[in-house]
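1. Output the structure for:
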Amino acid sequence: MSTAPESPMKVLVYSDDANTRARIRLAIGRRPAADLPLVEYVECATQPAVVERLDEGGIDVAVVDAEAQPAGGLGVCRQAKDEVYDCPPFLAIIARRDDGWLATWSRADKVVGLPLDPMALANGVAELMRDRAAKRLPVL
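-> Residues are numbered from 1 along each chain as shown. Okay, the predicted model is just below:
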């Protein structure tokens, strides 16, 4: 029986606001559920950085801030869903309930509203991490 620790799963956090990224990391924590491996965070403050990082591969879940400027997280999500092979699941954080239709348009896999509920965010990320682990495609 192997006692080697599981490899961490990489969670990309996109927001132009460093405080928002910190609140997201704090809400998710180092391990959003006991049955999951540790989380390794990859922070991005710009849309080009997100595209570059997703192109490199290895991201398990992406959490995006719909209010990010100048490129909102929902547009970044839509672009990734259209362009990235084996695109990781996305959780979008929206400020207004009325933006739910935009989250649907973006093809976000989960949506959490503001004010940020740490339990809802951690549970959403945990569900996406489990789903990603079960459905990951082989590297080409």
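
2. how many neighbours does Ala22 have?
-> Residues lying near Ala22 (other Cβ atoms under 10 Å) number 13. All C-beta atoms are positioned from the backbone trio N, CA, C, and that covers glycine.

3. Going forward, count from 89.
-> Noted, 89 is the first residue going forward, which turns the last one into Ala110.

4. distance of it from Val199?
-> 21 Å (Cβ to Cβ, to the nearest Å).

5. Can you tell me the SS state at Lys98?
-> strand (DSSP: H, G, I helix; E, B strand; the rest coil).

6. ok, it - contacts?
-> Val127, Glu128, Tyr129, Val130, Gly146, Ile147, Asp148, Val149 (Cβ atoms under 8 Å, 6 or more residues apart in numbering).

7. Could you report the neighbour count for the nearest residue to Ala121 once chain neighbours are set aside?
-> Distances taken as Cβ to Cβ, 6 or more residues apart in numbering put Ala214 closest to Ala121, at 4.0 Å, once the chain neighbours are dropped. When neighbours are counted by other Cβ under 10 Å, Ala214 registers 19.

8. what do you get for Met217?
-> Met217, neighbours per other Cβ under 10 Å, totals 24.

9. With Val151 as the reference, measure out to it.
-> 11 Å.

10. Also Leu179?
-> Distance from Leu179 to Val151, by Cβ to Cβ: 5 Å.

11. between those two, what contacts are shared?
-> By Cβ under 8 Å, 6+ apart, Leu179 and Val151 have these common neighbours: Leu209, Val213.

12. Quickly note the distance from Pro158 to Thr108.
-> 15 Å.

13. Check Ala196 too.
-> From Ala196 to Thr108 the distance is 17 Å (Cβ to Cβ).

14. go on, Ala133?
-> Separation of Ala133 from Thr108 (Cβ to Cβ): 10 Å.

15. Name the residue in these two with the higher neighbour count.
-> Using other Cβ under 10 Å as the criterion, Ala133 and Thr108 rank with Thr108 on top: 19 against 16.

16. For the host helix or strand of that one, give the mean pLDDT please.
-> Element membership for Thr108 (DSSP states H and E) is helix 106-116. Taken as a whole, helix 106-116 has a mean pLDDT of 98.
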